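*Asks:* Mind looking at a prediction? Sequence and model below.
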Amino acid sequence: MSSSELHSLGLTEVVANLENGILIVTLKSSRKMNSFTEKMSHDLIRVFRWGDVDDRVRVIVLTADPKVPAFCAGADMQEILKGSALLGRQEENEDEHRDPGGQVALAIYNNRKITIAAVNGHASGSGFTSLQLPFDFRFIWAGAHITLPFLRLGILPESTSTYLLSRLVGESRATSILLSNAKMQPSSPNLSSLYQEILPNKDDVLPAALAFAKMIAINSAPVSVSYTKGLLHHPGTSIEENHLLDSRAIKRRGASKDGAEGLKAFMQRRSPNFPDTVSSESSSWYPWWKPRDVSHPNKSKL
Amino acid sequence: MSSSELHSLGLTEVVANLENGILIVTLKSSRKMNSFTEKMSHDLIRVFRWGDVDDRVRVIVLTADPKVPAFCAGADMQEILKGSALLGRQEENEDEHRDPGGQVALAIYNNRKITIAAVNGHASGSGFTSLQLPFDFRFIWAGAHITLPFLRLGILPESTSTYLLSRLVGESRATSILLSNAKMQPSSPNLSSLYQEILPNKDDVLPAALAFAKMIAINSAPVSVSYTKGLLHHPGTSIEENHLLDSRAIKRRGASKDGAEGLKAFMQRRSPNFPDTVSSESSSWYPWWKPRDVSHPNKSKL
Amino acid sequence: MSSSELHSLGLTEVVANLENGILIVTLKSSRKMNSFTEKMSHDLIRVFRWGDVDDRVRVIVLTADPKVPAFCAGADMQEILKGSALLGRQEENEDEHRDPGGQVALAIYNNRKITIAAVNGHASGSGFTSLQLPFDFRFIWAGAHITLPFLRLGILPESTSTYLLSRLVGESRATSILLSNAKMQPSSPNLSSLYQEILPNKDDVLPAALAFAKMIAINSAPVSVSYTKGLLHHPGTSIEENHLLDSRAIKRRGASKDGAEGLKAFMQRRSPNFPDTVSSESSSWYPWWKPRDVSHPNKSKL
């Protein structure tokens, strides 16, 4: 059982449970409307990193306490008024600040496991930028309101949203979403391509996400997932370079124990049982990109 | 009043008016069907640059004289037959030519204010590539015909359209649009994601664009807009680098006068009144990209 | 007549015919369900390269024998079980392998002629990644099943699909398609933007593709097509650099024989008859990217 390990993470703003390879992380903020706090960012980073390295975890699903109307109402205004880290501490220089929403986004986007957001309520600010965009899949309630008040607050879209949104849906829609300041619905043309499924009832969002997660957890080799995500997030700078990268990866995976088991299970028309693990996967060339630690100002600057 | 300043720009192919922070630029070519001429390109560059630096301007809207059936019929054929600058002057070398449609596209795309195209008529050639793609938002009449005759004329899509279109809507649709040579309608699947709104009546296009412009002009901090556009157009080369860029920007904006006013107005449920101005915004790191002057051959070559 | 030349290519897994500027390549595998074999990859590379250099070829259309239910069932399992080159030969090092599906993808994507996939049957694995994604246009039967069993087989999506799919339709849909392991239909929101047309009847796919091909073959200057594809696949790294690239190209094409003929035909309202040829087009700056030969391990490594 992993409950004791999860307990040792000291989570207070989220609840985490691991069952059948699926790690369910539930936002349960001590503040109103699940608003995003500095402590919530720490909890999320910790639990997503734990899910990244623990081989029992195949899929990570983020959702919110269904009793709260909001999935996440964005940065907690009370904390901001008190001068929290959310907009930077007074004593920090501009190049020393590390946006907490962005730190969470990195922990999710760089995760080697499949990540799914099950958005079962309204979302504002970082409830969209940090807690939806960096995921592999997004499921959402059709009635959710998406609001991005950044420009009205005199600040700007954070959590790497200017990077992620253009990549995810193209610059035309990214610009519309980030500059328009309007209340949006998941089914609006600008937003809809972000979502794997838009569900009419709030209570159907998590079950739909979990059924999908289960299907993936059973059928996908975890190491294959990590290579595929690596190639999607760090493709070659040309089609030729990508061809060299995926040729190397397919040769490696084809000759792996997983590759033999996958082929055997396919011929025998049964579910595969993959022996290879993400934590023990290593080669001279993986990862082929240079992971950059930007967690602290003294580690990396522009 | 700014009318005398606008008058001093010597505009003949466009008409410009500034009202309540919205600069309306109306195409009114001396040639048939609002066709695109070298002088029109000079007028557009001048007026968009003026809008970029004048702090009274919050949004720039481009539209056309509603009495002309075409929003813009593309490059003026008579001018081309006379050997104008549109396809390059005879005495220029290949690397000396600066495509006028591209120069206009740069003046629009690099503008720090919100830009909106209100396409209230048919559009051909540069009427699409130069006068629609570089904008932040596009509103269009449902009955507009979009035609791109480049390949049939033995030339090729210009005005940086091969750069912009793939970024805006992805390479699948960009390729379809630029290689297919067909007459298209705004609601066609390849085009529709370019448009914020597609309006059934020609005369509804400008009012819809202006209502949207007004909503943005009231609610968005101009300096926040300029940073957001900067991040969308010049994102980090990795998610980590983007995180460093937007962390720095959010720290700066959070500590700005605009940030204080935005938060105060939000708590008091009133419209914000932002004191910071784009023209006086400066810091050691903004802009973080190296703006490249390509206006003249002697300034920059490949 | 070109039939003798095509015959000399030694094709066994595909049939090729050139008629009115359109090269039709038909998959006719010696294996069940048109499955993808090493020999098929050699045939496809050979015939697409031939089409690239022969000036009579304006458009290349790939389709499948309509009597076979599958357009292409993906890598041939019998060949894989025998240890074919498809997943790499045992004696190869990881950096020596060149994925055959990727080699085909390069021959299609880098082709200077218009390429069209007419997918008239089910498609699995490389039948999607290698034989659909690298094309300029895709036509498909609405009833086609698209299945990507890579992760279930313990391997990963190949044929440069991680590079192409994000570029074509954005990372949100690319991730959904490549990580979800599910059976998909062409009309599903994740896939539909890949297709120029989705046809209700299997037998309508090739005729629709050919009608479209004919329209393009008549109206487009081949050299203009090659420059446009070059700019779409190798755009400038900034809008300014792209402006320099397309300014140079438009000056060159405007002053070409094709440019004169295109303008003349346009004024005379007749079909153009372009004299310039792709094979004889050369200049000091075209191509502006450095083509990289990755066909053999000793030619290029990461």
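*Replies:* Looks like it arrived, so ask away. Just so you know, these numbers come straight off a predicted model, no measurement behind them. Residues are numbered from 1 along each chain as shown, chains lettered A, B, ... in the order given.
*Asks:* Got the phi and psi for residue A:19?
*Replies:* The phi and psi torsions at residue A:19 (degrees, to the nearest 10) take the values phi -140, psi 120.
*Asks:* pLDDT score for it?
*Replies:* You'll see residue A:19 listed with a pLDDT of 94.
*Asks:* Show me what it is bridged to.
*Replies:* Per DSSP bridges, the residues bridged to residue A:19 are residue A:22.
*Asks:* ok, it - how many residues close by?
*Replies:* By other Cβ atoms under 10 Å in any protein chain shown, the residues close to residue A:19 number 10. Using the backbone N, CA and C atoms, a C-beta is placed for each residue, glycine as well.
*Asks:* likewise the one 5 residues further on?
*Replies:* Taking other Cβ under 10 Å as the criterion, the count of residues near residue A:24 is 20.
*Asks:* gap between it and chain B?
*Replies:* To chain B, residue A:24 is 25 Å away according to Cβ to the nearest Cβ, to the nearest Å.
*Asks:* what does residue A:17 give?
*Replies:* From residue A:17 across to chain B, the span is 28 Å (Cβ to the nearest Cβ).
*Asks:* Could you tell me whether that residue really is in a helix?
*Replies:* No. According to DSSP: H, G, I helix; E, B strand; the rest coil, residue A:17 belongs to no helix; its state is strand.
*Asks:* ok, and the closest non-adjacent residue to it?
*Replies:* Nearest non-adjacent residue to residue A:17, counting by Cβ to Cβ, 6 or more residues apart in numbering or on different chains: residue A:24, 5.0 Å away.
*Asks:* any idea which helix or strand comes after the strand or helix carrying that neighbour?
*Replies:* For residue A:24, the host element (DSSP states H and E) is strand A:22-27. Where DSSP H and E defines the elements, the next helix or strand beyond strand A:22-27 is helix A:38-53.
*Asks:* The residue nearest to residue A:30 when sequence neighbours are not counted: what's it in contact with?
*Replies:* The shortest distance from residue A:30 to any non-neighbouring residue, by Cβ to Cβ, 6+ apart, is to residue A:13 (6.3 Å). Residues in contact with residue A:13, defined by Cβ atoms under 8 Å, 6 or more residues apart in numbering or on different chains, are A:27, A:28, A:29, A:30, A:37, A:39, A:40, A:43.
*Asks:* Next, count neighbours for the fifth one.
*Replies:* The reference is to residue A:37. 23.
*Asks:* and if you look at the fourth one?
*Replies:* The burial count assigned to residue A:30 is 12, neighbours taken as other Cβ under 10 Å.
*Asks:* picking that back up, what's the closest of the contacts of residue A:13 to chain B?
*Replies:* Nearest to chain B among the contacts of residue A:13, counting by Cβ to the nearest Cβ, is residue A:37 at 15.7 Å.
*Asks:* Next up, phi/psi of that closest one, please.
*Replies:* phi -120, psi 170.
*Asks:* okay but it is in contact with residue A:78, surely?
*Replies:* No. The pair residue A:37 / residue A:78 is not scored as a contact, 9.1 Å apart, by Cβ atoms under 8 Å.
*Asks:* any idea which element the closest residue to chain B within the stretch 201-302 of chain A lies in?
*Replies:* Taking Cβ to the nearest Cβ, chain B has its nearest neighbour within the stretch 201-302 of chain A at residue A:292, 4.3 Å off. Using DSSP H and E, residue A:292 falls within no helix or strand.
*Asks:* and it, how many residues sit next to it?
*Replies:* By other Cβ under 10 Å, 15 other residues sit near residue A:292.
*Asks:* so what's it closest to, chain neighbours aside?
*Replies:* The shortest distance from residue A:292 to any non-neighbouring residue, by Cβ to Cβ, 6+ apart, is to residue B:240 (4.3 Å).
*Asks:* residues touching the one you found, list them.
*Replies:* Residues near residue B:240 by Cβ under 8 Å, 6+ apart: A:106, A:292, A:294, A:300.
*Asks:* Highest neighbour count among these?
*Replies:* residue A:106 (26 neighbours).
*Asks:* check contacts around that one.
*Replies:* By Cβ under 8 Å, 6+ apart, residue A:106 lies in contact with A:134, A:160, A:294, B:239, B:240, B:243.
*Asks:* that older thread, are any of the contacts of residue A:13 buried, and if so which?
*Replies:* A:27, A:28, A:29, A:37, A:39, A:40, A:43 (16 or more other Cβ atoms under 10 Å in any protein chain shown).
*Asks:* what residues go with each domain of chain A?
*Replies:* A:3-218, A:221-302 (automatic domain parsing).
*Asks:* Is it possible to get JSON lines of the ones you listed that adds distance to residue B:209?
*Replies:* Below are the domains of chain A laid out as JSON lines (distance: least, Cβ to Cβ, whole Å):
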{"stretch": "domain A:3-218", "distance to residue B:209": "13"}
{"stretch": "domain A:221-302", "distance to residue B:209": "36"}
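*Asks:* and these, which is most packed in?
*Replies:* Comparing these by mean neighbour count (mean count of other Cβ atoms under 10 Å in any protein chain shown), domain A:3-218 ranks first with a mean of 21.
*Asks:* Quick check: closest non-adjacent residue to the closest residue to chain B within the stretch 1-150 of chain A.
*Replies:* Per Cβ to the nearest Cβ, residue A:87 is where the stretch 1-150 of chain A lies closest to chain B, at 3.1 Å. Nearest non-adjacent residue to residue A:87, counting by Cβ to Cβ, 6+ apart: residue B:254, 3.1 Å away.
*Asks:* need the strands for the stretch 151-300 of chain A, in chain order.
*Replies:* For the stretch 151-300 of chain A, applying DSSP state E, counting those that start in this stretch gives strands covering A:197-199.
*Asks:* just how off-centre is the helix or strand of chain A with the lowest mean pLDDT within its chain?
*Replies:* Least confident helix or strand of chain A, by mean pLDDT, DSSP states H and E, is helix A:3-7 with a mean of 78. Centre-to-centre, helix A:3-7 and its host chain are 21 Å apart (Cα atoms, centre = their mean, to the nearest Å).
*Asks:* For it, give me every contacting residue.
*Replies:* A:16, A:17, A:18, A:47, A:50, A:54.
*Asks:* Distance check, residue A:73 against residue B:134.
*Replies:* Between residue A:73 and residue B:134 the computed distance is 35 Å (Cβ to Cβ, to the nearest Å).
*Asks:* Do I have it right that the residue nearest to residue A:17 meets residue A:61?
*Replies:* Yes. Residue A:24 is within contact range of residue A:61, at 5.1 Å (criterion: Cβ under 8 Å).
*Asks:* Which residues are in contact with each of the two?
*Replies:* Shared contacts of residue A:24 and residue A:61 (Cβ under 8 Å, 6+ apart): residue A:210.
*Asks:* In the stretch 151-300 of chain A, which residue sits nearest chain B?
*Replies:* Closest approach between the stretch 151-300 of chain A and chain B, counting by Cβ to the nearest Cβ: residue A:154, at 3.1 Å.
*Asks:* Tell me if stretch A:118-138 is near chain C.
*Replies:* Yes. With Cβ under 8 Å from any Cβ of the partner chain as the criterion, chain C is reached by stretch A:118-138 at A:136, A:137.
*Asks:* Tell me who's in contact with residue A:55.
*Replies:* A:222, A:277, A:278, A:279.
*Asks:* any idea how far it lies from chain C?
*Replies:* Taking Cβ to the nearest Cβ as the measure, residue A:55 falls 16 Å from chain C.
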